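In: Generate coordinates for the sequence data below:
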Amino acid sequence: MEKTVKPVKRIEGSLRVPSDKSVSHRSIILPSLAEGESVIKNFLKAGDTLTTLNVYRKLGVDIEEKDNVIYVKGKGLEGLKEPDDVLDMGNSGTTTRLTLGVLAGQNFFATLTGDDSLRKRPMKRVVDPLSEMGAKVDGRKEANNLPISIRGGKLKGISYFNSKMSAQVKSAILLAGLYAETPTEVVEPIVSRDHTEKMLNWMGANIEIDFMTDGYKVKISKTDRLKPIHINVPADPSSAAFFAAAASIVPKSEIILKDVMVNPTRDGFFRKLKEMGADIEYKNKRDEAGEIVADVIVKYNDLKGVKVVKEEVPSMIDELPLLAIVATQAEGETVITGAEELRVKESDRIKAIVENFKRLNLEIEELEDGMVIKGKQKVKGGVVDSYKDHRIAMGFAILGLVSEDGITIKDADCVYISYPDFFKHLEKVSK
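Out: Okay, here's the model as predicted:
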């Protein structure tokens, strides 16, 4: 479907955006390996997370929903069953890569596939370390692309340097490490999203976390059992970011974003927005099952251009296209570098931003690992392509709020992947 977003006078109100996608995925995957029943409240029901739920049902896990609460009856670390058919991963890279880690430890055979987009995304970054641990993996293009078949079994631990700082790679290795006969460790130059290790620690895994002077190390040893959990999934900072951006660029705006997870590995966008001059405050900070949660209050203020460097990228990787959009309304130039990972997301997000800026006659310079955005640009309006990427669609919807004639987004229904009610919520706070 096409969707047109028109200019508004201000953004105002209070929202509880959908629950965090990363934590929702893990709240199904890890409890499936626990002994006993886990209770998950505020689970995100969106395309990718429902894929995870369906995949683990096909692996023999009893997952029920009652009164908007999910009950996962874990099978234990050795209790999953061989699937009867090919496992369809839809569009979800998280489901695919983490599940490959789980399957590496299972003594059975499984084949994974996905949609057109997912079949183009790189998998060798996970396949290589899992193969080194002892899993037998094969697939298209030397198992860099789905479909991929895996036969798990007896694993040995490895020491892996996660140079791309990919949380999905780290998570896959740690999940396989639960089964390895010798300890497994992952070292990162900068800590990537740490939800997997936080949840594993909470569930009683044999895990050690070390913040070193020159990086980050997490070590996991063979674990006999994981305890079930009760979790209230916090609001997704990546979804909240779109409304924070809207309030930052539409004059006279103020919005309260409730229950947002502000884990330091995830709130880089809010910190960078603050550096640009946005009026942002965390209120009612609290601990929710090992994650820091707060109400985020954002008020309009004049913005200035900033630089984003490689070390900052992991904590805001999904929000960088949105930051480029915000940068069009800031004073001066914004330079984003060290973000080549954007090229292998649901779309090539650098290319998607650059091409759409050109369609809107906005000035931008494409870099191999980022982009340079000119500030204080007038946005007349026009038609953009979402490239069927939810974050591109939502980002240009936010830009439509400050356009003169509105912005029409092709294939805007792709927002269902992470935020089914996005346009309804945008309308609710638009005045």
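In: Domains in this protein, by residue range?
Out: Per the record, the chain has its domains at 3-19+234-429, 21-232, by automatic domain parsing.
In: okay if I get these as a markdown table plus mean pLDDT?
Out: Below are the domains of the chain laid out as a markdown table (pLDDT from 0 to 100):
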| stretch | mean pLDDT |
| --- | --- |
| domain 3-19+234-429 | 96 |
| domain 21-232 | 96 |
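In: can you redo these as CSV with mean neighbour count?
Out: Where you see a C-beta, it was placed from the backbone N, CA and C, and this is true even at glycine. What follows is the domains of the chain, written out as CSV (neighbours: other CB atoms under 10 Å):
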stretch, mean neighbour count
domain 3-19+234-429, 20
domain 21-232, 20
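In: what are the ranges of the helices in this protein?
Out: Counting by DSSP state H, the chain has helices at residues 21-32, 47-58, 93-103, 124-133, 140-143, 167-177, 195-202, 237-249, 268-275, 320-327, 349-359, 390-400, 422-429.
In: To residue 111, which of the ones you listed lies closest?
Out: Closest of the helices of the chain to residue 111 is helix 93-103, at 10.1 Å (criterion: CB to CB).
In: what about the nearest residue to residue 268 once chain neighbours are set aside, distance to residue 13?
Out: Take residue 268 and drop its neighbours on the chain: the residue closest to it by CB to CB, 6 or more residues apart in numbering is residue 315, 3.0 Å away. Residue 315 is 27 Å from residue 13, where distance means CB to CB, to the nearest Å.
In: now residue 115
Out: In terms of CB to CB, residue 115 sits 35 Å off from residue 13.
In: Assess the claim that residue 275 and residue 305 are in contact.
Out: No: applying CB atoms under 8 Å, one finds residue 275 not in contact with residue 305, separated by 10.3 Å.
In: residues in contact with residue 124?
Out: Residue 124 makes contacts with 142, 143, 144, as judged by CB atoms under 8 Å, 6 or more residues apart in numbering.
In: With residue 324 instead?
Out: Residue 324 is in contact with 334, 336, 353, 364, 371, 373, 395, counting by CB under 8 Å, 6+ apart.
In: With respect to residue 20, which of those residues is nearest?
Out: Looking at these and their distance to residue 20, the nearest is residue 395, at 18.7 Å (CB to CB).
In: roughly how far apart are the closest one and residue 228?
Out: From residue 395 to residue 228 the distance is 38 Å (CB to CB).
In: residues contacting residue 358?
Out: residue 364.
In: hmm, back to that, going by distance to residue 121, which of the contacts of residue 124 wins?
Out: Set against residue 121, the nearest of the contacts of residue 124 by CB to CB is residue 144 (9.2 Å).
In: Please tell me I have it right and the closest one contacts residue 126.
Out: No: applying CB under 8 Å, one finds residue 144 not in contact with residue 126, separated by 10.0 Å.
In: Distance-wise, check residue 82 relative to residue 169.
Out: Taking CB to CB, one finds residue 82 at 25 Å from residue 169.
In: what do you get for residue 322?
Out: For residue 322 relative to residue 169 (CB to CB), the value is 24 Å.
In: just residue 409 next, same as before
Out: 31 Å.
In: Please list all residues in contact with residue 351.
Out: Residue 351 makes contact with 343, 366, according to CB under 8 Å, 6+ apart.
In: Kindly apply the preceding question to residue 107 instead.
Out: 152, 153.
In: now with 6 Å?
Out: Applying CB atoms under 6 Å, 6 or more residues apart in numbering to residue 107 gives the contacts residue 153.
In: sorry, back to before: which of the contacts of residue 324 lies closest to residue 185?
Out: residue 336 (31.3 Å).
In: Residue 356 and residue 101: what is the separation?
Out: Look at residue 356 and residue 101: by CB to CB, they are 35 Å apart.
In: do residue 160 as well
Out: Residue 160 is 12 Å from residue 101, by CB to CB.
In: can you check residue 127 too?
Out: Using CB to CB, we find residue 127 at a distance of 11 Å from residue 101.
In: between those two, what contacts are shared?
Out: Going by CB under 6 Å, 6+ apart, no residue sits against residue 127 while also sitting against residue 101.
In: quick one: stretch 44-60 to chain centroid distance?
Out: 16 Å (CA atoms, centre = their mean, to the nearest Å).
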